[in-house]
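# here is my input, please return the structure:
(one chain, ligands or ions: 1)
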Amino acid sequence: MTQDEMKQAVAHAARDYVAAHLPVGAILGVGTGSTANYFIDALTPMKDRLGGVIASSEATHQRLAGHGMLVLDLNDVEHIGIYVDGADEIDESLAMIKGGGGALTREKIVAAVADTFVCICDASKHVATLGRFPLPVEVIPMARAHVARQLSQLGGTPKLREGFITDNGNLILDVHGLRINQPTTLESQIDGIAGVVSNGLFARRGADVLLLATSSAVKVVKR
Ligand SMILES: O=C[C@H](O)[C@H](O)[C@H](O)COP(=O)(O)O
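Next up, the predicted model:
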């Protein structure tokens, strides 16, 4: 199976998970990226069972609306039953690195509101230790140099994502060379740097369920 076929397989498994676990009329959070896009496509036939969807990025909003889904404003919603999203890396404890597409801040907000975070990945994303994938950090533009110096002190090599502006009008520093043995601690440390909006470690609020596509099957892993 190719990586794309695994992404499609896990997207269909996520659609089935939502059909089985989300009550009719409840609200679903939808992530960002190529795997989430396959999920949106798979979800479309059951759109009338949903009370609406919350998008984690402008790109996802457009795709959902283009498929005829009711896209709600998070400020009008108190409850998201399930949030489905991909990841760039996920470890055994279901802590993740996210933000390869730059959507980490809105993804973290939607994840914080959701009861259940379902991560959908192909097997290449499953790692023993987070950090091979550069850690994205969203930064207020005027703080870019200050934040980069602070991130270097934490042992990483930050690189500005050239020509990229987030949906929130900010910059991304991708931090290379981190070996992340304590993701929860590092997530809080980075969030504590003045000028950081959020970082791509999802450890304090990791996934609750992992649907992991291998070349032969989709495995279900629970926290
Ligand atoms: O900002 C992007 C998101 O965090 C994505 O969930 C992540 O980058 C994985 O994307 P993909 O499914 O395209 O590998």
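# avg pLDDT for the top helix by length along the chain?
Across the chain, the longest stretch assigned as helix under DSSP state H is helix 3-21. On average, the pLDDT along helix 3-21 is 96.
# now check whichever helix or strand comes after that helix, is it near the ligand?
The C-terminal neighbour of helix 3-21 among helices and strands, as given by DSSP states H and E, is strand 27-30. No. Legend: contact between strand 27-30 and the ligand by C-beta under 6 Å from any ligand atom is lacking; minimum distance shown is 10.7 Å. The way it works is simple: take the backbone N, C-alpha and C, and place the C-beta from them, glycine included.
# tell me how far strand 27-30 is from the chain's mean position?
Centre-to-centre, strand 27-30 and its host chain are 13 Å apart (C-alpha atoms, centre = their mean, to the nearest Å).
# same deal with stretch 180-195?
17 Å.
# give me the buried stretch members for that stretch, please.
Going by neighbour count (16 or more other C-beta atoms under 10 Å), the buried part of stretch 180-195 is I180, P183, L186, E187, Q189, I190, I193, G195.
# and if you look at stretch 10-19?
The neighbour-count check on stretch 10-19 (16+ other C-beta under 10 Å) flags V10, A11, H12, A13, A14, R15, Y17, V18 as buried.
# ok, now which ones touch the first one?
Listed by C-beta atoms under 8 Å, 6 or more residues apart in numbering, the contact set of V10 reads T35, Y38, I120, C121, D122, L211, L212, A213, V218.
# show me those residues that map onto strands.
Among the contacts of V10, DSSP state E puts I120, C121, D122, L211, L212, A213, V218 in strands.
# quick one: which of those is most hemmed in?
Neighbours here mean other C-beta atoms under 10 Å. Within the ones in strands among the contacts of V10, the largest count is held by I120, at 31 neighbours.
# assess the claim that that one and A14 are in contact.
Yes. The pair I120 / A14 is scored as a contact, 4.8 Å apart, by C-beta atoms under 8 Å.
# quick check: residues of this protein near the ligand?
Counting by C-beta under 6 Å from any ligand atom, the chain sits next to the ligand at 31-35, 85-88, 98-104, 107.
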